[in-house]
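A.B. asks: Here is a sequence with its predicted model. Questions after.
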Amino acid sequence: MIKPRTPPGIMELLPREQIAFQRMLDVIRRNYERFGFLPVETPVFELSDVLLTKSGGETERQVYFVQSTGALANAAESAEKGLPELALRFDLTVPLARYVAEHEHALTFPFRRYQMQRVYRGERAQRGRFREFYQCDIDVIGKDALSIRYDAEVLAVIHAVFSELRIGRFAVQLNNRRFMRGFFEAQGVADPQQQALVLREVDKLDKRGADYVRETLLGPDFGLPAEAVERILAFVEVRSTSHADALAQLDAVLAEAGEGASESLRSGAAELREVLELVKALGVPENAYCLNFSIARGLDYYTGTVYETTLLDHPQIGSICSGGRYEDLASHYTKSKLPGVGISIGLTRLFWQLREAGLIDGIAESSVQAMVALMDEVAMPHSLDIARRLRAGGINTEVQMEPKKIGKQFQYAAKAGIRFVVLAGEDELARGVVAVKDLLREQQFEVARDELASTLQVELEQARVMAR
C-alpha cells in the first residue's frame, strides 16, 4: 500500500484553514475590483520559448517543464528539439506580458488587470518556501506612456486590501529607482551597470546589515571612496515619519546636491513628491505610508516608483506586498512600448507566516452557519423545510440526514465550527417555533419558524460588527 503524502513545498490546508485562506482571497479580489481592475486568467503552462524569453540563469533552473506521456514515448524526438514544448509559469508577470502583446488590439488602454492564480517554482525544499503558491497581482499597463498618478492609486489599493484583511498595523514603504540612481551619480557611481550592482547590495541592507553593505562597497568588487560609501549608507537609512517629513527629506537631498543635481535626481524627487501628494488626496492615512530610501527591489526592470509593505508589529515576516513601475512590459513580444506599474501579494507564503504567528482570524469558524438537527425519521420533511427557508434567507445550512443522539449532533457541530444548531421536536412543531442553540454564546432561545432566517442574520451581523 502506498503511503499518502504531499510533495515537499506544497501547502495543503484542512477545511477551516482553507475557508480562512479563501476569505483572504475574497478580500483581495473585492478590493481589486473596487478600484476598477479587471480579472484575467492565463494557462498554468506556457510555451517554453515564450515563457523563458526574459529569463535564464537561476530562474530557468527553477522552472518545471511539462511533457505528455506521448512525448515521453518519443524521447529521442523530444531530445532533438531541446527543451520540452511546455513549462509551468513561475510568476504572473511574464504571462501578462504575453497576454497583453497577443491581445493588444482588443484591449483598452490603460489596461487595468488583476490576476490571482497559482505559480510554480522548483524551490529547494525548506520551511516556509513553496513550490506551488498563489500570487495576487494588479497592474496598470499604458500604451506609449502611463501617468505617474497610477503609482499613487496602486498604493491606495494596497492600503485598502490590508486594512480589510485586518492582520495588524502595516506601512507601505516607498522609494524611486530614478531618484536613487540620481543620488548615486552624485557620489561618482555613474555607470548604469555599476549602479544596478550597488542597488542590489543596498537592497540587502535590512537582511544583512550596514556593516556587510559597507564592506562590500569598499571592497575590490566596487572600490568606492569611503566618503561616498558613508553618504550612500546615510541616504539609505532615511525613513520618513509623516507626510510633511517625507517632503522635507526630498527637499534635503535636493538641497545637498545643489546646482549639481542631475536630471535623474530631480525627476525622481518630483515623481515621489507627486505620488505622496496624490496618496494623501486618496485618503490614505499618514501612518500607513513612508519613504524608505533603502528599498530598491531586486529586479532590474523596475525604473521608477517601488513599493514594499511590511507589518509594523511583525517585521520578521518581511515584505507582504511589493512591486513598482517599469518602462516596457512586453518588449520581447511586441514593438509597442507598454509601460506599467503593479504589485504582487504572495498569498500562500503570507498565510503560512501569519498562521505560524497566530495572526489568522476565523480559523475556528466554518462557512456553514447553521445545522438543522434531526430528532427522528418522522421529522425529516420538517428539517428539510427549515433548511430550505434558511438557505433562501442567506444562511449557509447543513442538515443532519440521519437521526442520532442529540448530544452527538451538538458535538459534531462544535467540532465542525458551526455556530447555530436548529432543533424542531414535536412540541416546537406544534407551536410553529424552533429552538436554536448558539454554540458561540452557549445560549438557547426559541424563535418563530418564519422569523428564523432573519433572526440568525441579525446575530451574525452583530458578530461581524463586534469583530471590527
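C.D. replies: It's in.
A.B. asks: so which helix or strand takes in residue 163?
C.D. replies: Residue 163 belongs to helix 149-165 when assigned by DSSP states H and E.
A.B. asks: Whatever helix or strand comes next after that helix pairs with which strands?
C.D. replies: Heading C-terminal from helix 149-165, the first helix or strand you meet, by DSSP H and E, is strand 170-176. Strand pairing for strand 170-176, using DSSP bridges, gives strand 289-291 (parallel), strand 302-311 (antiparallel).
A.B. asks: out of these, which comes closest to residue 426?
C.D. replies: Closest of the strands paired with strand 170-176 to residue 426 is strand 302-311, at 54.6 Å (criterion: CB to CB). No exception for glycine: its C-beta is placed from N, CA and C like everyone else's.
A.B. asks: Next, the angle from that closest one to helix 149-165.
C.D. replies: Strand 302-311 runs at 20 degrees relative to helix 149-165, counting by axes from the mean of the first three to the mean of the last three CA atoms, to 10 degrees.
A.B. asks: What does the pLDDT read for the spatially most central residue of the chain?
C.D. replies: Nearest to the geometric centre of the chain sits residue 345, at 1.9 Å (CA atoms, centre = their mean). With respect to pLDDT, residue 345 scores 97.
A.B. asks: would residue 325 count as being in a helix?
C.D. replies: No. Using DSSP: H, G, I helix; E, B strand; the rest coil, the assignment for residue 325 is strand, not a helix.
A.B. asks: what's the pLDDT at it?
C.D. replies: Confidence score, pLDDT, at residue 325: 95.
A.B. asks: same thing with residue 198?
C.D. replies: With respect to pLDDT, residue 198 scores 83.
A.B. asks: looking at the strands paired with strand 170-176, which is closest to residue 211?
C.D. replies: So among the strands paired with strand 170-176, strand 302-311 is nearest, using CB to CB, at 21.8 Å.
A.B. asks: helices or strands next to the helix or strand harbouring residue 227 in the packing?
C.D. replies: Using DSSP H and E, residue 227 falls within helix 226-236. Packing partners of helix 226-236 (3 or more CB pairs under 8 Å, 6 or more residues apart in numbering; DSSP states H and E): helix 177-186, helix 192-202, helix 210-218.
A.B. asks: rerun that using 7 Å as the cut-off
C.D. replies: On a contact count with 3 or more CB pairs under 7 Å, 6 or more residues apart in numbering; DSSP states H and E, helix 226-236 meets helix 210-218.
A.B. asks: Residue 115: which of the strands paired with strand 170-176 is closest?
C.D. replies: Residue 115 lies closest to strand 302-311 among the strands paired with strand 170-176, at 17.6 Å (CB to CB).
A.B. asks: Could you report the neighbour count for the residue nearest to residue 97 when sequence neighbours are not counted?
C.D. replies: Nearest non-adjacent residue to residue 97, counting by CB to CB, 6 or more residues apart in numbering: residue 330, 4.1 Å away. Neighbour count of residue 330, defined by other CB atoms under 10 Å: 23.
A.B. asks: And the pLDDT for residue 330?
C.D. replies: Reported pLDDT for residue 330: 91.
A.B. asks: now the residue nearest to residue 319 when sequence neighbours are not counted: how far from residue 200?
C.D. replies: Computed as CB to CB, 6+ apart, the closest residue to residue 319 that is not its neighbour in sequence is residue 308, at 4.8 Å. Plainly put, residue 308 is 15 Å away from residue 200 if you go by CB to CB, to the nearest Å.
A.B. asks: Residue 427 now?
C.D. replies: 75 Å.
A.B. asks: okay, these two: which has more neighbours?
C.D. replies: Taking neighbours as other CB under 10 Å, residue 427 and residue 200 compare with residue 200 leading, 15 against 9.
A.B. asks: how near is that one to residue 221?
C.D. replies: Applying CB to CB, the value for residue 200 to residue 221 is 11 Å.
A.B. asks: hang on, residue 314 packs against residue 357?
C.D. replies: Yes. Between residue 314 and residue 357 there is a contact under CB atoms under 7 Å: 5.9 Å.
A.B. asks: OK, contacts around residue 393?
C.D. replies: Listed by CB atoms under 7 Å, 6 or more residues apart in numbering, the contact partners of residue 393 are 453, 454, 457.
A.B. asks: Mind checking which of these are buried?
C.D. replies: With burial judged by 16 or more other CB atoms under 10 Å, the buried subset of those is residue 453.
A.B. asks: Mark which of the contacts of residue 393 are part of helices, please.
C.D. replies: Those of the contacts of residue 393 mapping onto helices are 453, 454, 457, per DSSP state H.
A.B. asks: Turn those into JSON lines, columns for distance to residue 85 and pLDDT.
C.D. replies: Below are the ones in helices among the contacts of residue 393 laid out as JSON lines (distance: CB to CB, whole Å; pLDDT from 0 to 100):
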{"residue": "453", "distance to residue 85": "54", "pLDDT": "96"}
{"residue": "454", "distance to residue 85": "57", "pLDDT": "96"}
{"residue": "457", "distance to residue 85": "53", "pLDDT": "96"}
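A.B. asks: can you put those residues in TSV and add distance to residue 350?
C.D. replies: TSV is the format used below for the ones in helices among the contacts of residue 393 (distance: CB to CB, whole Å):
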residue	distance to residue 350
453	35
454	37
457	31
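A.B. asks: Okay, and the beta partners of residue 172?
C.D. replies: residue 289, residue 309.
A.B. asks: wait, what's in contact with it?
C.D. replies: Taking CB under 7 Å, 6+ apart as the test, what residue 172 contacts is 155, 158, 159, 288, 289, 307, 309.
A.B. asks: Using JSON lines, lay out those residues together with pLDDT, distance to residue 296 and neighbour count.
C.D. replies: Conversion of these to JSON lines gives the following (pLDDT from 0 to 100; distance: CB to CB, whole Å; neighbours: other CB atoms under 10 Å):
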{"residue": "155", "pLDDT": "98", "distance to residue 296": "17", "neighbour count": "26"}
{"residue": "158", "pLDDT": "98", "distance to residue 296": "18", "neighbour count": "24"}
{"residue": "159", "pLDDT": "98", "distance to residue 296": "22", "neighbour count": "22"}
{"residue": "288", "pLDDT": "96", "distance to residue 296": "21", "neighbour count": "19"}
{"residue": "289", "pLDDT": "97", "distance to residue 296": "18", "neighbour count": "27"}
{"residue": "307", "pLDDT": "95", "distance to residue 296": "12", "neighbour count": "28"}
{"residue": "309", "pLDDT": "96", "distance to residue 296": "15", "neighbour count": "23"}
